[in-house]
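[1] What follows is a predicted structure for the sequence shown.
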Amino acid sequence: MFRLFMLPCACALALSLALPARAADPELDEIRAQIRELKSSYENRIQALEQRLKDAEAKAAAPAPMPAAPSSSISAFNPAVSVVLQGRYANLSRDPAKFALAGFAPGGEIGPGRRGFSLGESELAMFANVDDKFAGNLIASLTPENTVSVEEAYGLWLTAPYGLAPKFGRFFSGLGYLNEQHQHNWDFIDAPLAYQAFLGGQYANDGLQVKWVAPIDQYVELGAEAGNGDGFPGNARSRNGAGAATVFAHTGGDIGASHNWRAGLSYLRTRAQDRDYSLADRAGNDAAVAFTGSSRVAVADFIWKWAPNGNAHDTSFKLQGEYFRRVEDGDLTYDRDGTLGLTRTASFTSRQSGWYAQGVYQFMPLWRAGVRYDRLDSGSVDYGANAAFVAATDFSPKRYTVMLDYTPSEFSRFRLQFAQSRTLADVTDNQWFVQYILSLGAHGAHKY
């Protein structure tokens, strides 16, 4: 099997014989010297691998050794530990405390964040094999407000049958494309408006996920999740069983040596119980409301990557987009706290959508430029009897974003970003950001 390594050597030798015999040409002498060096290197590698094979075969045939000392077995499973440090400066023309998405219920982490200098979320990650059957991963988020939260904490069953890959614990859902990626791996500082409007920024699940990749040349991935449904657009409810379910399917592949792609469909079904927020009513009051009912989110995603002959070191291009559609049915309670003395519960339905498209071009080593366009459609919203107090809007929030980043190595990145955000009627927010990302320690490969 290891003799296959001789193929490059044979090709190199054939190339050397095909060259014109011009001994006096220094360039030809240099090429011949490089070929000899390459041939010698491959021969040495083959000999070393053959010796390792003999040693391994002899070891396998020898009697089983006595169990190693506890300290030896522990060191074999030392976790890979990494830290991601982030920070930024933001110059915003509008007060971020007044940020809102016209026509959309707020939830989770939305908006551009605070003005001025701020320490972004830092991540502490640990990953290791538990034994020969399971592995574990923990990613803790250290916020600028000096709090610690668990972003992901899950186990992986490594020896599941039929090619299944079960994950259990807390994890970012496989819904859509961007959702599974950690924020420091995004191509822009913030989440697209569709993610903010429909998933509260990013959707996490406490529960079980199962993925299966088909054993064929075409990339085909199927997955399903069951979780507690605490994340927006759902909320925490006291109940047994699963509070939310997600299914997704992705496919993709290569087109020649320079192109590859992936496309997918996802579907989330969850429920909310008294999901509270506030909105401006017809009289201009900041009214407290609460929604109870079902929420269903469908996502279509697509990404295409180009790199000459698969080598993205010097130049590359990535085109990415996702489309969201959410349907909610249930009851809405207006003036839920009785402040206005007009408390009323009535039927509520909404059908809303949104999308984004972005392109990122690496125009030279270490440097990239990107553009993104976001848009939301407030769709059709029926407040039922509460329409006497609350009016639907036909305004469509949108945002234009450009960015330039510099990546000295795989462990550091510096980014400049500008966005013109129009998420409220007659309001434009010009947003400037400067960001740094520093990675320390062993950091796993990012998702496709």
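    Perfect, I can see it now.
[2] Please make it C-alpha for all contacts and neighbour counts, starting now.
    OK.
[3] what stretches of the stretch 1-150 of the chain score poorly on pLDDT?
    Low-confidence segments of the stretch 1-150 of the chain (pLDDT under 70): 1-77.
[4] Grab the nearest non-local neighbour of Ser353.
    Once flanking residues are discounted, Ser353 sits nearest to Arg325: 4.2 Å by Cα to Cα, 6 or more residues apart in numbering.
[5] Surely that neighbour and Ser295 touch.
    No: using Cα atoms under 8 Å as the test, Arg325 is too far from Ser295 to be in contact (10.6 Å).
[6] Am I right that the residue nearest to Ser353 is in a strand?
    Yes: according to DSSP: H, G, I helix; E, B strand; the rest coil, Arg325 belongs to a strand.
[7] which residues touch it?
    Neighbour list for Arg325: 297-299, 351-354 [criterion: Cα atoms under 8 Å, 6 or more residues apart in numbering].
[8] Now render these as a markdown table, adding neighbour count, distance to Pro397 and pLDDT.
    Formatted as a markdown table, the contacts of Arg325 follow (neighbours: other Cα atoms under 10 Å; distance: Cα to Cα, whole Å; pLDDT from 0 to 100):
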| residue | neighbour count | distance to Pro397 | pLDDT |
| --- | --- | --- | --- |
| Val297 | 21 | 19 | 98 |
| Ala298 | 21 | 20 | 98 |
| Val299 | 21 | 19 | 98 |
| Arg351 | 16 | 15 | 97 |
| Gln352 | 20 | 12 | 98 |
| Ser353 | 21 | 11 | 98 |
| Gly354 | 25 | 9 | 98 |
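[9] Next, give me the two most distant ones among those residues.
    Val299 and Arg351 (13.8 Å; Cα to Cα).
[10] thinking again about what came up before, quick check, nearest of the contacts of Arg325 to Asn179?
    Distances from Asn179 to the contacts of Arg325, taken by Cα to Cα, are shortest for Val299, at 10.9 Å.
[11] So that closest one belongs to a strand, correct?
    Yes: secondary structure of Val299 (three-state DSSP): part of a strand.
[12] So which residues of the stretch 151-300 of the chain form helices?
    Ranges of helices in the stretch 151-300 of the chain, per DSSP state H, counting those that start in this stretch, are 193-199.
[13] beta partners for the residue nearest to Ser353?
    Judged by DSSP bridges, the bridge partners of Arg325 are Ala298, Ser353.
[14] How many residues are close by Lys185?
    Heads up, residue 185 is Asn, not Lys. 12 (other Cα atoms under 10 Å).
[15] Apart from its neighbours in sequence, what residue is nearest it?
    His446 (7.5 Å).
[16] can you check Asp337 too?
    Nearest to Asp337 is Ala288, by Cα to Cα, 6+ apart, at 6.6 Å.
[17] I'd guessed Trp212 sits against Glu221; true?
    Yes: using Cα under 8 Å, Trp212 makes contact with Glu221 at a distance of 5.6 Å.
[18] Kindly confirm my reading that the residue nearest to Asn185 is in a helix.
    No: counting by three-state DSSP, His446 is not part of a helix but coil.
[19] what number of residues lie near it?
    With other Cα under 10 Å as criterion, His446 counts 9.
[20] and if you look at Tyr406?
    17.
[21] Which parts of the chain belong to which domain?
    2-61, 84-441 (automatic domain parsing).
[22] Single out the most deeply packed of these.
    domain 84-441 (a mean of 18; mean count of other Cα atoms under 10 Å).
[23] okay, how far is it across that domain, tip to tip?
    9 Å (Cα to Cα, to the nearest Å).
[24] hang on, the earlier thing: separation between the residue nearest to Ser353 and Ala80?
    Taking Cα to Cα, one finds Arg325 at 39 Å from Ala80.
[25] follow-up on the earlier one: spit out the contact partners of the residue nearest to Asp337.
    276-279, 334-337.
[26] quick one: which of those residues is nearest Pro144?
    The closest of the contacts of Ala288, once distances to Pro144 are taken by Cα to Cα, is Tyr277, at 24.6 Å.
[27] That closest one pairs with what?
    Going by DSSP bridges, Tyr277 forms beta bridges with Val289.
[28] in terms of contact, does it touch Ala105 like I think?
    Yes: using Cα under 8 Å, Tyr277 is in contact with Ala105, at 6.9 Å.
[29] Residues in contact with stretch 126-138: which ones?
    For stretch 126-138, using Cα under 8 Å, 6+ apart, the contacting residues are 77-82, 124-125, 139, 150-159.
[30] Quick check on the closest residue to Gly155 other than its chain neighbours: phi, psi?
    Nearest residue to Gly155, sequence neighbours excluded (Cα to Cα, 6+ apart): Gly136, at 4.4 Å. Per-residue torsions, Gly136: phi -130, psi 150 (degrees, to the nearest 10).
[31] who does Gly136 bridge with?
    Ala128, Gly155.
[32] Keep only those of the contacts of stretch 126-138 that are in strands.
    80-82, 124-125, 139, 150-157 (DSSP state E).
[33] can you redo those as TSV with distance to Trp367?
    Below are the ones in strands among the contacts of stretch 126-138 laid out as TSV (distance: Cα to Cα, whole Å):
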residue	distance to Trp367
Ala80	29
Val81	28
Ser82	25
Leu124	27
Ala125	27
Ile139	29
Val150	33
Glu151	30
Glu152	31
Ala153	34
Tyr154	35
Gly155	37
Leu156	36
Trp157	39
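[34] and Arg94, how far is that from Arg115?
    From Arg94 to Arg115 the distance is 9 Å (Cα to Cα).
[35] cool, and Ala288?
    27 Å.
[36] Then Phe411?
    Relative to Arg115, and taking Cα to Cα, Phe411 is found at 26 Å.
[37] cool, Asn91 as well?
    6 Å.
[38] Next: Val289.
    29 Å.
[39] Please apply the same query to Ser409.
    29 Å.
[40] Which elements pack onto the helix or strand where Val371 lies?
    According to DSSP states H and E, Val371 maps onto strand 367-382. Packing partners of strand 367-382 (3 or more Cα pairs under 8 Å, 6 or more residues apart in numbering; DSSP states H and E): helix 193-199, strand 344-364, strand 398-409.
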